[in-house]
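K.L.:
build me a structure from this.
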Amino acid sequence: MKKKARKLLLRKYAILLLLSVLCLLYLFLGDWLFGYGLHNIPKVMNYLLYTTSEKVAAGLMLLCLILPDLLLWIKGGYPGRGAER
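P.N.:
Numbers count the residues shown, from 1 in each chain. Okay, the predicted model is just below:
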């Protein structure tokens with residue numbers, strides 16, 4: 001089970017990384033096509049997480065994404081699923 005779970009997690013995060021890169025390339029291509037130049041996206045990214053509450057909320061959402069997968073990676077299965085077997 002651990003081998004299968006780890007393979008699925010690696011596939012999940014590989015796809016997540018690929019989609020993130022494609023989204024960033026799409027943003028840069030759109031800015032380049034509309035004449036803003038390639039330097040516009042880094043300027044905009046400075047204002048994405050501006051306040052402390054936005055940074056805390058983003059951190060909590062990131063933890064909610066990663067913590068269950070860490071449990072799956074370490075234990076090979078999610079806790080509390082014994083009744084389904």
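K.L.:
ok, which stretches of this structure are helices?
P.N.:
Here the chain has its helices, by DSSP state H, at 2-33, 40-45, 52-75.
K.L.:
any idea how far the first one is from the chain center?
P.N.:
Looking back up the chat, that one is helix 2-33. 8 Å (CA atoms, centre = their mean, to the nearest Å).
K.L.:
let's have the helices of the chain in CSV, adding mean neighbour count and mean pLDDT.
P.N.:
C-beta coordinates here come from the backbone N, C-alpha and C atoms, glycine included. Output for the helices of the chain, formatted as CSV (neighbours: other CB atoms under 10 Å; pLDDT from 0 to 100):
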stretch, mean neighbour count, mean pLDDT
helix 2-33, 11, 89
helix 40-45, 12, 81
helix 52-75, 11, 89
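K.L.:
ok, residue 34 - contacts?
P.N.:
By CB atoms under 8 Å, 6 or more residues apart in numbering, no residues touch residue 34.
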